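Visitor: Give me a 3D structure for the following:
(chains A and B)
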Amino acid sequence: MSPRRRALVASLLCAAGLAACAPENRPPSGSPEPLLSRDLSPQEFQLLTDREKVRYRNVVLRIPDAWGGGMLPLSRGPYPDVLEKAVHTGELEALMAYYNRAQFELEHPRVRVEFINFDMWSLHFRSMLAVALAANRAPAVYIAKDLPHTIEQGMFADITELVKEWDRAHEQPESARRDGTVDGRTYTISHNEFGGSLIRYRKDWFREAGILNEHGEPGPRSDWTWDDFRAICKELTDPAKKRWGFAGQTNDFFYQDAYGIRPYIPDRSGKRTWRFNDQDPRMLESLKAARAMVREDQSIATSVTMGWFESHGEFDAGRAAMISSFSPHIAREFLEQPDKFGKDKPFGETVGMALPPRGPTGHSGFKIVTNPFGFDPTLDKEQLRAAFDWTKSLFYGDIFENYLRAVNQKEKALGKRSFTYQVLLTTPYSYDPKLLDRPLSEVFPGDYLRIYDVIRKSPAPPLPREFGLREPPITEWESAIRALYSEAVLSPSVDLEALLRRTADMFNRTILDFRTEGDREKLERYYDTLGEYYRKNFPRYYREEWPGLYERYYRVAAP
Amino acid sequence: MNDTTALPPRSSGGRGSGGAGSARPRYKHLAAWCFTLPGLLFQFFFGWFPIAVAFIVAFQRYYLVHPPQWIGLRNFHDAVADPLTPVAFTNTAYYAALSLGLTFLVPIIISILLMEMPPRIIRVMMVLWFLPVASTAGIVIWKYLYNPKLGLLNGLLDMMHLPRQAWLDDPGLAMLSLVLPGVILFSPGLVYIASLQGIPEELYEAAELEGAGFLQKIRQITLPRLRPVIAMMLIFSVIAAFQVFEQPFIMTGGGPGYATLTVGIRIYDLAFKAYNLGKATALAILLFFLIMALVVIQRRCFRESLDE
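Guide: You can find the predicted model right below:
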């Protein structure tokens, strides 16, 4: 073969390879074809021929993991096809997913729903999403993590207008609305599962130690302070039995949240918007306190390898009296694993949940967590509306109800306790009471319901993003804070003051090295609103601590 | 001078020119292309193409959903000005030094010593070195072996009445703890033993007749014969050590503090946690040039042995 022909063949092969790798283009939602340019009602759509129906249904909606159901079996096995297999093996969730899809498409003649494999709850969600977005293969709707940084990077569609028309937008928790709002525009909606990062504790150990709450039940009091937390940790630690008061990552063990320490404050020099708050002596105190609990009290099991799963493992293995956990998970485990700690230790009598400790003047940093969801910003208007409709239906509409009924019936047939109760306990949206065959008060222990009442009423603090202020990227911020505390807590010898200075310098030169335009005025408005929030929700903290803190650290102009 | 007449004819079979005789070499080329092309395409799409793209992305503010913007050298400036960059490069160099010391030099010594053992022991050792190649699974297990409160290693220290160690939790010990599994999990020992077995026995016998001792035999025969292999393994080891990612990612996440933050981890964090793909790529390119420079220096140092 001549060199020229060889080059030609190679070029053709490369071109063919590149063409094969090109992402599939979404079909245009508008088309010059007369049939496709008209908006048909579901009744009109039914009159089309099959070929016309295929052509007309050209708004593709990529739904992750057969949301509102489950995926059909991957292989047919000895059955004629996977659908038959699902029928004969009782895969009601998978069948319901296809029913939901059919119902949604019936109501939306233009829309074609595609279920795709996309695990939003994976540890590697961030990298998966990055690749999916770059390849134009992202699902239409996905969990919105790392807000507001990801909003600023354009990873979510602006849904302000859709939310304005939404009749049940007000049912979302306040904190969810605030999380997904940047400079007055809305980018996310709240998931139908809300809760909070709180403390999961061993009721039986609290009972043994005689630590009872104001209701006479084993557990910490609802107004317990950080000092109480430290004392209880110490009391429940028993090295001989390999038991620790608390197990968790090398963070500050609730000190900062309890005392209301704000790790970044206005930079009065005006060079940048924020600076690291190393001047507040309580920052150093938090490092000292964490170090003392780990090294002096030895009441905390922590390590550089300790993460969420590891700490839950310590708890389940009976080595930790308390861990940080997510409230809906506790309710779900109560239903699905009633004998997790043995037949003689029913879950509800063994595991309790408590809100994190407060500061000395009643401040609490507890915040509702709602896992907001955002939409692929590359969707066109019609796709976005369809995705929004699907998500609403999934969170509280037909898809939601169909799915719960399928799960209920299946679990009843199998003699299991249905997790439907957990879904209905933790949803912020109102639902048809007929979905419950008995009231939640007959299902869950009283303390679980009480905690959820408190969570439901928890206030949401204002966020800088609502005032047009840029915030440091949350993942980098958290990584840097974790690095700070892990060194403070784990190093055999460390100069905490020098460490804090070093960290402040690093923060100021990297994560906080930016300035929002017109930030002085915005900062003033933000801190005024924050003060108002404290006055309303934590009056004692507002009276005794806020004025001094405001003057020293938060007032924009130097006093 | 034209000496092609001395070469054998290109077409074999004595069929003469033209016709079926000329089709065979063409077919041969086609077969060669068919066998080579999948590999070439694979190398193009997963090797050269990403490198070329990286050199473009490094000069852009790269968004995942919006068109990228050209920003010149800004990413390189940001990467160099980032206070964590020198920390990451220093840690990586420290890891490389430890790794080369323990997993590169030690296996050479052990391999040479092993050659003095009976063949049965050599075979067992080769099997042991080769078995635990599932390094990622191995790293996960090591994470638990190092657990300061419940891990096996501290249990063994307790049994021997030795003080417990914090292992991965101690910033002073963490990096060494990351390297240690490499000594056992997988090392170049197998390659050295295979090379040593290829050295003719007569050379050692002759040296012994001349009165050479053990160390002299190593210096005069073994090491010179091993030089090309050592040079090649050194290049591979340096590249692997500077690209280290799995061990700190799985075992420490770069901590405690920043004690095990390597360049690989920093690139991952920037790309997939902060979604700052431009800066991450700029950092990757800096690492690329550093490794290339080291390899060039090594090639110069070992030129003789590689050209042998």
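
Visitor: Looking at chain B, which residue is nearest chain A?
Guide: Using CB to the nearest CB, B:Gly257 is the residue of chain B that sits closest to chain A, at 3.0 Å. No exception for glycine: its C-beta is placed from N, CA and C like everyone else's.

Visitor: Would you confirm that B:Ala284 belongs to a helix?
Guide: Yes: secondary structure of B:Ala284 (DSSP: H, G, I helix; E, B strand; the rest coil): part of a helix.

Visitor: Could you find the closest non-adjacent residue to it?
Guide: With sequence-adjacent residues excluded and distances taken as CB to CB, 6 or more residues apart in numbering or on different chains, B:Ala284 is closest to B:Ile267, at 5.2 Å.

Visitor: Counting by contacts, list what the host helix or strand of the one you found packs against.
Guide: B:Ile267 belongs to helix B:263-272 when assigned by DSSP states H and E. Under the contact definition 3 or more CB pairs under 8 Å, 6 or more residues apart in numbering or on different chains; DSSP states H and E, helix B:263-272 sits against helix A:125-134, helix A:474-490, helix B:84-100, helix B:246-251, helix B:277-301.

Visitor: One more pass at 6 Å, please.
Guide: helix B:84-100, helix B:277-301 (3 or more CB pairs under 6 Å, 6 or more residues apart in numbering or on different chains; DSSP states H and E).

Visitor: With B:Phe35 as the reference, name the closest of these.
Guide: Ranking these by proximity to B:Phe35 (CB to CB) places helix B:277-301 first, at 29.0 Å.

Visitor: circling back to that earlier point, any chance of the helices and strands packed on helix B:263-272 in JSON lines, with mean neighbour count too?
Guide: Rendered in JSON lines, the data for the helices and strands packed on helix B:263-272 read as follows (neighbours: other CB atoms under 10 Å in any protein chain shown):
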{"stretch": "helix B:84-100", "mean neighbour count": "19"}
{"stretch": "helix B:277-301", "mean neighbour count": "18"}
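
Visitor: Looking at those, which is nearest to B:Ala271?
Guide: Nearest to B:Ala271, of the helices and strands packed on helix B:263-272 and by CB to CB, is helix B:277-301 at 3.7 Å.

Visitor: what's the distance between the closest one and the middle of its chain?
Guide: Mean C-alpha position of helix B:277-301 versus that of the full chain (CA atoms, centre = their mean, to the nearest Å) differs by 14 Å.

Visitor: Shouldn't the residue of chain B closest to chain A be within a helix?
Guide: No: going by three-state DSSP, the assignment for B:Gly257 is coil, not a helix.

Visitor: pLDDT at the nearest residue in space to it that is not next to it in sequence, what is it?
Guide: Leaving aside its sequence neighbours, B:Gly257 sits nearest to A:Glu487 (CB to CB, 6+ apart; 3.0 Å). We have a pLDDT of 93 for A:Glu487.

Visitor: So A:Glu487 sits against B:Pro256, correct?
Guide: Yes: contact criterion CB atoms under 6 Å: A:Glu487 and B:Pro256 qualify, at 5.4 Å.

Visitor: Looking at the two, which has the bigger crowd around it?
Guide: More neighbours surround B:Pro256 than the other of A:Glu487 and B:Pro256, with 28 against 23 (other CB atoms under 10 Å in any protein chain shown).

Visitor: Can you give me every residue that contacts the more buried one?
Guide: Contacts for B:Pro256 (CB atoms under 6 Å, 6 or more residues apart in numbering or on different chains) come out as A:304, A:486-487, A:490, B:169, B:171.

Visitor: before we move on, could you check phi and psi at it?
Guide: The phi and psi values for B:Pro256, taken as degrees, to the nearest 10, are phi -70, psi 150.

Visitor: any weak-confidence spans in chain B?
Guide: Within chain B, the ranges that satisfy pLDDT under 70 run B:1-26, B:129-137, B:184-187, B:303-308.

Visitor: tally of neighbours for A:Ala301?
Guide: 26.

Visitor: ditto for the one 10 residues further on
Guide: Using other CB under 10 Å, A:Ser311 has 24 other residues around it.

Visitor: Save the helices and strands packed on helix B:263-272 as CSV, and put in distance to A:Arg126 too.
Guide: Converted to CSV, the helices and strands packed on helix B:263-272 look like this (distance: least, CB to CB, whole Å):
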stretch, distance to A:Arg126
helix B:84-100, 19
helix B:277-301, 12
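
Visitor: Would you pull up the residue in chain A closest to chain B?
Guide: Residue nearest to chain B within chain A: A:Glu487 (3.0 Å; CB to the nearest CB).

Visitor: Can you tell me the element B:Asn75 falls in?
Guide: helix B:74-81.

Visitor: Between helix B:277-301 and that helix, find me the angle.
Guide: Put simply, helix B:74-81 runs at 70 degrees to helix B:277-301, going by axes from the mean of the first three to the mean of the last three CA atoms, to 10 degrees.

Visitor: Helix B:74-81 vs chain A: in contact?
Guide: No: contact of helix B:74-81 with chain A (CB under 6 Å from any CB of the partner chain) is absent, the minimum separation being 7.5 Å.

Visitor: List, one by one, the residues from chain B near chain A.
Guide: Near chain A, when you scan chain B using CB under 6 Å from any CB, you find B:29, B:64-66, B:82-83, B:143, B:168-169, B:171, B:252, B:255-258, B:272-275.

Visitor: Give me the secondary structure label for the residue most central in space within chain B.
Guide: Centrality entry for chain B: nearest residue to the mean C-alpha point is B:Ala240, 3.1 Å, by CA atoms, centre = their mean. Classification of B:Ala240 using three-state DSSP returns helix.

Visitor: what does A:Leu61 give?
Guide: Secondary structure state of A:Leu61, per three-state DSSP, is strand.

Visitor: Let me know the pLDDT of it.
Guide: 92.

Visitor: And the helices in the stretch 1-150 of chain A?
Guide: Ranges of helices within the stretch 1-150 of chain A are A:3-21, A:34-37, A:42-46, A:50-56, A:82-88, A:92-107, A:125-134, A:149-152, based on DSSP state H, counting those that start in this stretch.

Visitor: Just name the most buried of those helices.
Guide: The highest average neighbour count among these, using mean count of other CB atoms under 10 Å in any protein chain shown, belongs to helix A:149-152 at a mean of 20.

Visitor: Which residues outside whatever helix or strand comes next after it are in contact with it?
Guide: As assigned by DSSP H and E, the chain's next helix or strand after helix A:149-152 is helix A:160-165. Helix A:160-165 is contacted by residues A:169, A:185-186, A:388 when judged by CB under 6 Å, 6+ apart.

Visitor: what about residue 57, neighbour count?
Guide: Answering for chain A, as no chain was given. Residues near A:Arg57, counting by other CB under 10 Å, number 19.

Visitor: To clarify, I was referring to chain B.
Guide: For B:Val57, using other CB under 10 Å, the count is 20.
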